[in-house]
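# Please find the sequence and the predicted model below.
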Amino acid sequence: MSLGGHINELGKRLTVAAVALLAGTVAGFALSGWLLDAVQTFIAAIETEQGRMALLNFGEITAAFDLRLQLAFTVGVVLSSPVWLYQLWAFIVPALTRREKGYALGFVGAAVPLFAAGCAAGWLVLPHMIAMLVGFAPSNSSSILNARSYVDFILRLMLIVGIAFVLPLLLVLLNVVGVMSASAILGSWRYVILAITVFTALATPAADVLSMFLLAIPMVLLYYAAAGFAWLNDKRRARAIAAAEPQSPALTRMVS
């Protein structure tokens, strides 16, 4: 295909992706009210548990509308992800070999549920984190939280944890392409566990040990699952190499 043909193809793919994103954003705007009610349940529970008033504050007349637009766009990106990911895949895939297509398809197929699981884990620890952070306020005080900052905090945490759950998949990919062996992955287990501990300590309040472990345990398990897959793949690769090696003349005569 000529350069002009590639540009036309890219334009078509981008148009389809943009239409899907717009449709997803419209659906997201319809869901934004429900999402705001859902995230407010975290601070509503604080008043029940701690006897402390916690409210969301919309400091400007357009703040509520702007926040709903932000939520709508975020939901739109998620809902339209199958479409724009496919358009990206369809644009790139002609340049890939059959083996590379298999690697890419397997990576995307495993990355999506892992990212969703990470977001779910982040959602589960959010009530503990928010209650712990608000609990540092003096007694007999009220916590008036900026609505945009509050929602941004939730979205960032879920995004970070979702990406962290996908990182072990990169180890699998590096092993599949022959860059890193299982022994190299397992040889760094001390540093990996230390890195996971530091990450979960930074992502959760310092005093909330429960949230830290709720994030750290599945990440450690995913790391060892990646190492186990790499070990099995190394064994398979070693058997394939041994089977492909030509037999020596002496061994051939003994067999005959």
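Done, it's in.
# for the record, mean pLDDT for stretch 32-43?
Across stretch 32-43, pLDDT averages out at 85.
# Which positions in that stretch come out as buried?
32, 35-36, 39-40, 42-43 (16 or more other CB atoms under 10 Å). Any C-beta I mention is one placed from the backbone N, CA and C, and that applies to glycine too.
# Kindly reformat those as a markdown table and extend each row with distance to residue 83 and secondary structure.
Output for those, formatted as a markdown table (distance: CB to CB, whole Å; DSSP: H, G, I helix; E, B strand; the rest coil):
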| residue | distance to residue 83 | secondary structure |
| --- | --- | --- |
| 32 | 20 | helix |
| 35 | 21 | helix |
| 36 | 26 | helix |
| 39 | 26 | helix |
| 40 | 31 | helix |
| 42 | 31 | helix |
| 43 | 35 | helix |
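# low-scoring pLDDT stretches of the chain, where are they?
For the chain, applying pLDDT under 70 flags the ranges 1-3, 45-53, 95-96, 100, 203-208, 245-256.
# Kindly recompute the last result at 90.
1-14, 17, 32-64, 67, 70-71, 74-223, 225-227, 229-230, 232-256 (pLDDT under 90).
# could you pull out the helices for it?
Assigned by DSSP state H, the helices in the chain fall at 3-50, 63-79, 81-92, 98-134, 147-176, 182-187, 189-203, 209-244, 249-255.
# quick one: which of those helices is nearest residue 56?
For these, the distance to residue 56 is smallest for helix 147-176, at 4.4 Å, taking CB to CB.
# Does anything pack onto that closest one? Which helices or strands?
helix 3-50, strand 54-57, helix 63-79, helix 98-134, helix 182-187, helix 189-203, helix 209-244 (3 or more CB pairs under 8 Å, 6 or more residues apart in numbering; DSSP states H and E).
# and if we set it to 6 Å?
helix 98-134, helix 209-244 (3 or more CB pairs under 6 Å, 6 or more residues apart in numbering; DSSP states H and E).
# got the phi/psi numbers for residue 180?
phi -130, psi 130 (degrees, to the nearest 10).
# What separation is there between residue 90 and residue 120?
29 Å (CB to CB, to the nearest Å).
# err, residue 186, not the other one
Distance of residue 186 to residue 120, computed by CB to CB: 28 Å.
# Redo the helices and strands packed on helix 147-176 as JSON lines? Include distance to residue 165.
Output for these, formatted as JSON lines (distance: least, CB to CB, whole Å):
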{"stretch": "helix 98-134", "distance to residue 165": "3"}
{"stretch": "helix 209-244", "distance to residue 165": "6"}
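# what's near enough to touch the residue nearest to the spatial centre of the chain?
With distances taken as CA atoms, centre = their mean, residue 162 lies nearest the centre of the chain, 2.6 Å away. By CB atoms under 6 Å, 6 or more residues apart in numbering, residue 162 lies in contact with 115, 118-119.
# can you rerun that using 7 Å?
Counting by CB atoms under 7 Å, 6 or more residues apart in numbering, residue 162 touches 115, 118-119, 122.
# would you turn the residues you listed into a markdown table with distance to residue 239 and neighbour count?
Formatted as a markdown table, the contacts of residue 162 follow (distance: CB to CB, whole Å; neighbours: other CB atoms under 10 Å):
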| residue | distance to residue 239 | neighbour count |
| --- | --- | --- |
| 115 | 33 | 21 |
| 118 | 34 | 24 |
| 119 | 38 | 20 |
| 122 | 40 | 25 |
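# which one of those residues sits closest to residue 147?
The nearest member of those to residue 147, counting by CB to CB, is residue 122 at 19.3 Å.
# hang on, the closest one packs against residue 155?
No. Taking CB atoms under 7 Å as the definition, residue 122 is not a contact partner of residue 155, at 9.6 Å.
# That concludes my questions; thank you for your assistance.
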